[in-house]
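Peer 1: Show me how the following folds:
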Amino acid sequence: MIRPAGHADLQAIAEVYLEARQAAVPAMPPPVHTVEEIRAHIGGWDLTAKQVWLAEVAADVVGFAALSADWLDDLYLRPEYAGQGIGSAILDLVKAQRPAGFSLWVFESNEPARRFYRRHGLIELDHTDGHDNEEHAPDVRMAWPGHDPLGFMRAQIDDVDTDLAHVLARRFALTAAIQPLKPISGHAGRDPAREREIALRMAHLTGLPVEGLQQIVHAVIVESLTAYETGHVRNT
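Peer 2: Predicted coordinates:
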């Protein structure tokens, strides 16, 4: 049976989490918190802000999923119940709860979990070096695009375009700020070697072709210098 969790279930859910995380090492890095800290954290979940569902077999809690907004924060099973379709049933329920789609993070090293999610229609969107997670281990953002995949992906692109606009504004402002510090400012003071270094560094970070990135770097620098020289970006 799969049912909504109540506060009385949180300690049982904590035990499922602890058993699943321990069994997943080394595919997942060990937790950075103590057992007591994890039990206290899960035991203090606010169920008005987090939606938690649990799976029971013979009245024993064997798995759970926790959702907040459009994120699947957790999905774990007791190790001995893996491969019996329970995880798939929980994930189907999550899809029903989030028909417009949702995202989740999974460690890059956790190939069994990545296979599971790919098998159920999730796609991998972002790869990070793990600097934002507590374990500092590389991770992957996966997403289920819901019943309107095109609309979901366009919304994702809109979010990226918003971030890109802010980054470009910062880049333009920094370009303007550095011009008075250079021996020769503006277009005349461009440094092709440094621009190549920028493209190479971006290629190393992203895995994208350096030639294409060099064209992007070129365009950004040309437009930012033009904005500076025409007064559209002030040196503040």
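Peer 1: going forward, measure contacts between C-alpha atoms and count neighbours the same way
Peer 2: Noted.
Peer 1: Leaving out the residues flanking it, which one is nearest to Val233?
Peer 2: Ala227 (5.5 Å; C-alpha to C-alpha, 6 or more residues apart in numbering).
Peer 1: is it true that the one you found touches Ile221?
Peer 2: No. Ala227 is beyond contact range of Ile221, at 9.8 Å (criterion: C-alpha atoms under 8 Å).
Peer 1: dump the residue contacts of Pro31.
Peer 2: Contact analysis of Pro31 by C-alpha atoms under 8 Å, 6 or more residues apart in numbering lists Arg21, Glu135.
Peer 1: Show me what the longest helix seen in the chain is packed up against.
Peer 2: Ranked by residue count and defined by DSSP state H, the top helix of the chain is helix 149-178. With contacts defined as 3 or more C-alpha pairs under 8 Å, 6 or more residues apart in numbering; DSSP states H and E, helix 149-178 has these neighbours: helix 210-229.
Peer 1: The residue nearest the centre of the chain in helix, strand or coil?
Peer 2: Nearest to the mean C-alpha position of the chain, by C-alpha atoms, centre = their mean, lies Arg141 at 3.8 Å. With DSSP: H, G, I helix; E, B strand; the rest coil as the basis, Arg141 sits in strand.
Peer 1: who does it bridge with?
Peer 2: With DSSP bridges as the criterion, Arg141 is bridged to Trp105, Asp126.
Peer 1: contacting residues around it?
Peer 2: Contacts of Arg141 (C-alpha under 8 Å, 6+ apart): Ser103, Leu104, Trp105, Val106, Glu124, Leu125, Asp126, His127.
Peer 1: Stretch 2-14 - what's its average pLDDT?
Peer 2: Stretch 2-14 comes out with an average pLDDT of 97.
Peer 1: and that stretch, which residues are buried?
Peer 2: Going by neighbour count (16 or more other C-alpha atoms under 10 Å), the buried part of stretch 2-14 is Ile2, Ala5, Leu10, Gln11, Ala12, Ile13, Ala14.
Peer 1: any idea which of those residues is closest to Thr34?
Peer 2: Thr34 lies nearest to Ala14 out of the buried residues of stretch 2-14, by C-alpha to C-alpha, at 12.2 Å.
Peer 1: The closest one is in contact with Glu36, isn't it?
Peer 2: No. Under the criterion of C-alpha under 8 Å, Ala14 is not in contact with Glu36, lying 10.0 Å apart.
Peer 1: picking that back up, so what's the gap between the helix or strand that the longest helix of the chain is followed by and the chain middle?
Peer 2: Per DSSP states H and E, the first helix or strand lying C-terminal to helix 149-178 is helix 192-206. Between the centre of helix 192-206 and the centre of its chain there are 24 Å (C-alpha atoms, centre = their mean, to the nearest Å).
Peer 1: Check which helix or strand Glu124 maps to.
Peer 2: Going by DSSP H and E, Glu124 is part of strand 123-128.
Peer 1: Check which helices and strands that strand sits against.
Peer 2: Using 3+ C-alpha pairs under 8 Å, 6+ apart, strand 123-128 is in contact with strand 139-144.
Peer 1: Output the strand it packs on as PDB, nothing but the C-alphas.
Peer 2: The C-alpha coordinates for strand 139-144 follow below in PDB (Å, rounded to 0.1, in the frame of the first residue of the first chain):
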ATOM      1  CA  ASP A 139      25.700  15.200  -9.400                       C
ATOM      2  CA  VAL A 140      23.100  15.200 -12.200                       C
ATOM      3  CA  ARG A 141      19.800  17.000 -12.400                       C
ATOM      4  CA  MET A 142      17.200  14.700 -14.000                       C
ATOM      5  CA  ALA A 143      13.700  15.700 -14.900                       C
ATOM      6  CA  TRP A 144      10.400  14.100 -15.900                       C
END
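Peer 1: Nothing else from me, thank you.
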